[in-house]
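A.B. asks: next comes the sequence, and after it the predicted model I'd like to discuss.
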Amino acid sequence: MAKVKIQGHASGTGVLTVTAPNTSSDRTITLPDATGTLLASEGAVTINDSGADVDFRVESDTKTHALFVQGSDGAIGIGAAPSAPGSDFQTLEIKNVATNGRACLALTGNSSEYSHLHFGDENDQDIGAINYYHGNDNMYFKTNAATQLQITSDGRGLSQFTAKAWIRWRNNTSVAIRASHNVSSITDNGTGDTSINFTNNLADADYAISVSGITQYSFAGMNYNVTGTSTSTYQAQYHENNIARDGEFRSIVFGN
């Protein structure tokens, strides 16, 4: 294949004028001493308009793949050639959101798979990741390949350092939940005896429960008996001086 070389003069600017066969307008390529500039003020610049299976690569002084577009599948690499995409890797976009003009980095995956944002070291090892699973609309935050925090579609944060449930309730003047998280209802079993029912069951019954009281009593000889009866409910009983008492209480649960 023949080669075409365009070189600017060392002491000036080289100009090459190309006249397109289907227009009377000239197209000018200006080559200064050190850099070249392609002027296309009258229209867009399209590379590989025919859709051939060819790669596009931009090289910097230290990176052979400063920007790389793989012809076979359209995968984009910045700083390195992209790895082969699977069914859960579809597109990568950096764009402005039309409604408000804000910048957006969109990682779009298959509708039933994950969208991934991975973090690695210089050896390309997977140190951490943020994964969004389209199957259940949950988001997972990972370090050292282990999920440390999961945000569920209903807004709950699941981890060993977040509460699985909490509640403030009363059963003295009336039985009512004042405020709660992951609690569907309470059951009044009698004076000083309440069952708290989870909205979402815990993984096992080995969870930790803390209960404290906000009552009109003196708290002398107070005693709480709290039992995790199952993954769906736990029971809180309150006695003062060995007498079952109703009142206002609060509780928090940690577990799996």
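C.D. replies: Yes, it's here.
A.B. asks: for the closest residue to residue 131 other than its chain neighbours, what are its contacts?
C.D. replies: Using Cβ to Cβ, 6 or more residues apart in numbering and skipping residues adjacent in sequence, the residue nearest residue 131 is residue 140, 4.5 Å away. Every C-beta, even on glycine, is put in place using the N, C-alpha and C of the backbone. By Cβ atoms under 8 Å, 6 or more residues apart in numbering, residue 140 lies in contact with 129, 130, 131, 132, 133, 147, 149, 150, 151.
A.B. asks: can you list phi and psi of residue 140 for me?
C.D. replies: The phi/psi pair for residue 140 (degrees, to the nearest 10) reads phi -120, psi 130.
A.B. asks: residue 250 contacts residue 214, correct?
C.D. replies: Yes. Using Cβ atoms under 8 Å, residue 250 is in contact with residue 214, at 6.6 Å.
A.B. asks: what sits in contact with each of those two?
C.D. replies: With Cβ under 8 Å, 6+ apart, residue 250 and residue 214 have common neighbours residue 168.
A.B. asks: quick one on the thing from earlier: bridged to the residue nearest to residue 131, which residues?
C.D. replies: residue 131, residue 150 (DSSP bridges).
A.B. asks: and it, how close does it get to residue 168?
C.D. replies: 30 Å (Cβ to Cβ, to the nearest Å).
A.B. asks: and residue 82, by the same measure?
C.D. replies: The spacing between residue 82 and residue 168, counted by Cβ to Cβ, is 52 Å.
A.B. asks: do the same with residue 135
C.D. replies: 34 Å.
A.B. asks: what helix or strand is residue 237 located in?
C.D. replies: Applying DSSP states H and E as the criterion places residue 237 in strand 233-240.
A.B. asks: which is the next helix or strand following that strand?
C.D. replies: Later in the chain than strand 233-240, the nearest helix or strand by DSSP H and E is strand 243-244.
A.B. asks: what sits up against that next one?
C.D. replies: Strand 243-244 is contacted from outside by 190, 191, 192, 193, 237, 238, using Cβ under 8 Å, 6+ apart.
A.B. asks: show me what contacts the second one?
C.D. replies: When contacts are counted by Cβ under 8 Å, 6+ apart, residue 191 touches 244, 245, 246.
A.B. asks: same deal with the last one?
C.D. replies: If a contact means Cβ under 8 Å, 6+ apart, then residue 238 has 192-193, 211, 213, 222-225, 244-247, 249 as its contacts.
A.B. asks: for it, which non-adjacent residue is closest in space?
C.D. replies: residue 192 is the one closest to residue 238 (Cβ to Cβ, 6+ apart), at 4.5 Å.
A.B. asks: for residue 75, see how far away that neighbour is.
C.D. replies: 64 Å.
A.B. asks: out of those two, which sits in the busier spot?
C.D. replies: More neighbours surround residue 192 than the other of residue 192 and residue 75, with 22 against 17 (other Cβ atoms under 10 Å).
A.B. asks: give me phi/psi at that one?
C.D. replies: phi 70, psi 20.
A.B. asks: look up the pLDDT of it for me, please.
C.D. replies: With respect to pLDDT, residue 192 scores 89.
A.B. asks: hmm, it is touching residue 242, no?
C.D. replies: No. Look at residue 192 against residue 242 with Cβ under 8 Å: they stay out of range, at 10.9 Å.
A.B. asks: residue 177: how many residues sit nearby?
C.D. replies: Residues within reach of residue 177, counting by other Cβ under 10 Å, total 14.
A.B. asks: again with residue 246
C.D. replies: By the criterion of other Cβ under 10 Å, residue 246 has 20 neighbours.
A.B. asks: which residues touch it?
C.D. replies: Neighbour list for residue 246: 170, 171, 172, 191, 192, 238 [criterion: Cβ under 8 Å, 6+ apart].
A.B. asks: would you mind pulling the contact partners of stretch 201-209?
C.D. replies: By Cβ under 8 Å, 6+ apart, the residues outside stretch 201-209 that reach it are 164, 226, 228-232, 234, 236, 251-256.
A.B. asks: what about dumping the CA coordinates of stretch 154-172 to PDB?
C.D. replies: Output of stretch 154-172 as PDB, limited to C-alpha atoms (Å, rounded to 0.1, in the frame of the first residue of the first chain):
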ATOM      1  CA  ASP A 154     -36.600  -0.300  50.000                       C
ATOM      2  CA  GLY A 155     -33.800   1.800  51.400                       C
ATOM      3  CA  ARG A 156     -32.400  -0.500  54.100                       C
ATOM      4  CA  GLY A 157     -28.700  -0.700  54.700                       C
ATOM      5  CA  LEU A 158     -27.500  -4.200  55.500                       C
ATOM      6  CA  SER A 159     -24.200  -4.800  57.100                       C
ATOM      7  CA  GLN A 160     -22.600  -5.800  60.400                       C
ATOM      8  CA  PHE A 161     -22.400  -2.200  61.500                       C
ATOM      9  CA  THR A 162     -25.900  -1.100  60.700                       C
ATOM     10  CA  ALA A 163     -29.100  -1.800  62.700                       C
ATOM     11  CA  LYS A 164     -31.400  -4.500  61.200                       C
ATOM     12  CA  ALA A 165     -34.400  -2.900  63.000                       C
ATOM     13  CA  TRP A 166     -35.300  -0.400  65.600                       C
ATOM     14  CA  ILE A 167     -38.600   0.800  67.200                       C
ATOM     15  CA  ARG A 168     -40.100   3.100  69.700                       C
ATOM     16  CA  TRP A 169     -43.500   2.000  70.900                       C
ATOM     17  CA  ARG A 170     -46.000   2.300  73.700                       C
ATOM     18  CA  ASN A 171     -48.500  -0.100  75.300                       C
ATOM     19  CA  ASN A 172     -49.800   2.000  78.300                       C
END
